[in-house]
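Q: Whatever this is, show me its structure:
(2 chains, ligands or ions: 2)
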Amino acid sequence: MTLQQTTLHAPIIDEGIEKKLSGLTPETIRTVIDDVLSSETGPRLKAYLKTCVHCGLCSDGCHFFLSFDRNPRYSPVGKIKETLARFIHDKNRITADVIRQAAVIAYTECNLCRRCVMYCPFGIDTAYMIGIVRRICHRLGVTPLYIQDTAHSHSAFMNQMWVKEDEWIDTIHWQEEDAREEIPDLRIPLEKEGADVMYSVIAPEPRFQADLIYKAAVLMKRAGIDWTLPATPGWDNSDMAMFSGDNEIMGRITRTHFEAAERLNVKKIVMGECGHAFRSVYDTGNRWLGWTFPPIPVVHAIEFYYDLLKTGRIRIREKFKPRVTFHDPCNIVRGKGLHEKARYIIAKTCENFIEMTPNREHNFCCGAGGGVINCGPPYKSKRMQASRVKAEQLKNTGADVVITPCHNCHSGIDDILHHYKIPMSVTFMVDILTTTMETNP
Amino acid sequence: MLLTNPQKSSGTVEKKETVDAWMTPSDHLEDIQVSPDGDNVAAMFVNKEGETQLCVNGQRWEHGFERLWYPRFSPDNRLTALAWDGEAWTLIVDDQVWDSRFDYAWNTGFSQDGHHIMVVFQKDGTYGLCLDDQPWTTSFPGIGHAAISPDGTRTAAAVQMEKISEGDIFSFQQGVFSTAVDGEAWTKNFVNIWDPVFSHDGKKTAAAVRLNLYDYSVAVNGEAWRKCFECVWKPRFQPDTDDVVAPVRKGQSWTLAKNGNLFWKNRFTQLWHPEFNHDGSKLAAVVAPAFGVWSVAVNDTVWKLDRFDAITGLTYSPDGSRLAAVGMKKGRHTLIYDGKSCNRFCERVWPPVFSPDSRHIAARIETNGRYTVILDGRVWDRTYDKVWDPVFDDANDALVIRAFDKGQYLKIRAPLSHF
Ligand code: SF4
Ligand code: SF4
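A: Ligands and ions are numbered 1, 2, ... in the order given. Model (predicted):
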């Protein structure tokens, strides 16, 4: 089934990109490019640049290329050609216009989803190279306004939505009160030093989706988990600075998260259903700080739910009846191979499961990840066009519900379902679990 | 394998409280806290009306509240809790309610001796600190990183000086953050302020700052160092000189800077938590000499340890001559001290505690899912449902174990010779 492609997106004026451009000279640009390339990259980048034979096989990996009718501009190699390759080969002639174009490509036309890596015969990681382009843009002060604002929020309050410390604590208190109407002795334990598990979430949960914290608390209670949440900064595991190119703030966020867990001296961190946050604490932020692996084990919600079901700590009362499909989030599937565990949970909880095609590590990105949705409303129309193959893939399942254990995927797919008028709803795994599990295991 | 002494006794139980007996069947226990001297045990529970109550050594507090939260003993053994009476938040200390009322109060903090108590508050949408029931007279649109001076008479925090709308990245980049000391802000603003700290006499403050999106520095009393770095972490004042040191990143590696100048010669993949001993003769930090390899450096010399994945809990002995920390390897912990690993790995080890004469090191540990204490590498033979950090007696000859087991709180005096 092929959905109708809409017209090409109108030019976008993004103040975050435009404001600093006028002050950029070719010399400033060259200095920053030279500095980033010489001090922040090494053999990995050299190997990629030397190895690429410009065969274009990566193109079919990219949902932008496919959704934009195989326009080579949107192929992975095409994006590198217009950005990093120019920075390297043309470095004395990089104008502000080139930087503008590079910023638009790097921040809004690549989800850093790494699907193309699997299509390249040499395994070249285009997302890594686009990350370098973003780093250069950040260093030049040329970043989309919305994601820059999010990075500012992280730097000031260590969460992505300007949530103040009292607002976080207050949200937990009222979620606990609400939950006690259902389960009188339910607790959402803040600052329980020495608990087994620290649970961490992303800032949209206290801001807009506090019911997810409530559901996590119900799950913890039913499974008998000794858990806690920090009342200090460090409760938010998200990290948009990782995607804006502000590595120093990325490191500070990850450090704050782990030091909250170290202060509480928990055995492990269980993260809510978020993909990009997992990438930050499990791969990127921890390594920028010098930890090979997280200093305290980090478990994504999918691994946690899998263990709860596998060990019988929660049992399913009655399976979910509607037809469901599953969207594999890039950061936990290509990032950590959690796809079979996710399917185990679905098999336990859902009666009618329909695989989407392609699936698992070959799944198409939701179009929101990599910070693209965080570049805000100006880019929504383009994001929707770039998600045409995703929309087709969703629609072809004929499912009533799509489950995805990632906030970005959730928002991205919600936008797609509305835009392409697909009669399907999107849900988190915890929604399925809390509606199907035994209440008195 | 953990060593235990086959000759040991189970110590003298000096106090026993049956916490379960304090509650009715419909009460839900929320929290148990124990005073540093081990003589008071407090239980916080919710009764069937949904009210939170505190009970200390079996005596219910007179004041009942719709919600109590964050019960914590001060270092001088007073019990505090944040309390909501249905209209406002306040602090309750040993069953005495503060006069101050807030729309929110949190993050109770204490001076080293426990004589002074601080909370962060929000009132009418603005923020400040309240020390010993005296709120700052100025409040701010945002606050974070609250700090109290060593003697407890002064407080500081990173504060937002003006409200900006979400999305106004340009005002943010002009710098809207400062450090307020006793409610009075530094004269300069910065893009970011993190981790303000007091000098040892409480007269000066320093904080990590960001001057723009790229240049990091340290500001002392509002004046930034003349040099900038790629990144900085929390600074420290040197006790004897008031010099300020901070971890700084330059040329993609970390080292220590003093008053803005590079100070240590070694370069590290990471360096943080610099700590001086009491007289300033030693300066130690947690370091990663290479990617993924963690150790401790003292006066710029790195301890030669086996590979650790992470290190926490850096602690000096009272005389400043010894240093201990917790090393983590493959998800298991051990104590490390005096440049060596004690190599007794278990599930969890809490930060080390030195005896007053600095000769002994103890810590709370979790082993095989139960809790006990370790002294100089030897494990106490009894385990409990829960323990708090061990406390040495002043005579340096016994360890006070504060434990909770089968619904009972136990204060146990364990002679050091019995380990
Ligand atoms: S990482 Fe994803 S979005 Fe980026 S070029 Fe590759 S396939 Fe396309
Ligand atoms: S498939 Fe690999 S080698 Fe071919 S163009 Fe793409 S990145 Fe280059």
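Q: what does the stretch 51-200 of chain A put close to ligand 2?
A: Residues of the stretch 51-200 of chain A lying near ligand 2 by CB under 6 Å from any ligand atom: A:Cys52, A:Val53, A:His54, A:Cys55, A:Gly56, A:Leu57, A:Cys58, A:Pro76, A:Val77, A:Cys120, A:Phe122, A:Ile124. Where you see a C-beta, it was placed from the backbone N, CA and C, and this is true even at glycine.
Q: Would you confirm that the fifth one contacts A:Ile80?
A: When you say that, I think you mean A:Gly56. No. Contact criterion CB atoms under 8 Å: A:Gly56 and A:Ile80 do not qualify, at 11.5 Å.
Q: more neighbours, the two?
A: Between A:Gly56 and A:Ile80, counted using other CB atoms under 10 Å in any protein chain shown, A:Ile80 has the larger neighbour count: 26 against 15.
Q: which non-adjacent residue is nearest B:Arg370?
A: Nearest non-adjacent residue to B:Arg370, counting by CB to CB, 6 or more residues apart in numbering or on different chains: B:Thr383, 3.5 Å away.
Q: Contacts only, for that neighbour.
A: With contact taken as CB atoms under 8 Å, 6 or more residues apart in numbering or on different chains, B:Thr383 is in contact with B:Thr367, B:Asn368, B:Arg370, B:Tyr371, B:Thr372.
Q: what's the answer for A:Leu45, then?
A: A:Leu37, A:Tyr128, A:Met129, A:Ile132.
Q: Next, the distance between the ends of stretch A:363-373.
A: With CA to CA, to the nearest Å as the measure, the ends of stretch A:363-373 fall 18 Å from one another.
Q: now check it, is it near chain B?
A: No. In terms of CB under 8 Å from any CB of the partner chain, no part of stretch A:363-373 sits within range of chain B; the closest distance is 15.1 Å.
Q: any idea of the mean pLDDT for that stretch?
A: Stretch A:363-373 shows a mean pLDDT of 98.
Q: Likewise for stretch B:398-418?
A: 96.
Q: cool, stretch B:290-309 as well?
A: Regarding stretch B:290-309, the rounded mean pLDDT is 97.
Q: Any buried residues in it, and which?
A: Using 16 or more other CB atoms under 10 Å in any protein chain shown as the test for burial, stretch B:290-309 gives B:Gly292, B:Val293, B:Trp294, B:Ser295, B:Val296, B:Ala297, B:Val298, B:Val302, B:Trp303, B:Leu305, B:Phe308, B:Asp309.
Q: Which one of the residues in the stretch 301-441 of chain A is closest to ligand 1?
A: Residue nearest to ligand 1 within the stretch 301-441 of chain A (CB to the nearest ligand atom): A:Cys365, separated by 5.7 Å.
Q: Against which helices or strands is the helix or strand hosting A:Gly78 packed?
A: Using DSSP states H and E, the element containing A:Gly78 is helix A:76-82. Helix A:76-82 makes packing contacts with helix A:96-108, helix A:126-140 when contacts are defined by 3 or more CB pairs under 8 Å, 6 or more residues apart in numbering or on different chains; DSSP states H and E.
Q: what's the following helix or strand after it?
A: The first helix or strand that comes after helix A:76-82 along the chain, using DSSP H and E, is helix A:84-89.
Q: any residues touching that next one, and which ones?
A: Residues external to helix A:84-89 that are found in contact with it (CB under 8 Å, 6+ apart): A:Ile33, A:Leu37, A:Leu49, A:Ile94, A:Val98, A:Ala102, A:Met129, A:Ile130, A:Ile132, A:Val133, A:Ile136.
Q: Repeat the analysis, applying 7 Å as the threshold.
A: Contacts to helix A:84-89, defined as CB atoms under 7 Å, 6 or more residues apart in numbering or on different chains, come from residues A:Ile33, A:Ile94, A:Val98, A:Met129, A:Ile132, A:Val133, A:Ile136.
Q: Going by neighbour count, list what's buried in that helix.
A: By 16+ other CB under 10 Å, the buried positions in helix A:84-89 come out as A:Leu84, A:Ala85, A:Arg86, A:Phe87.
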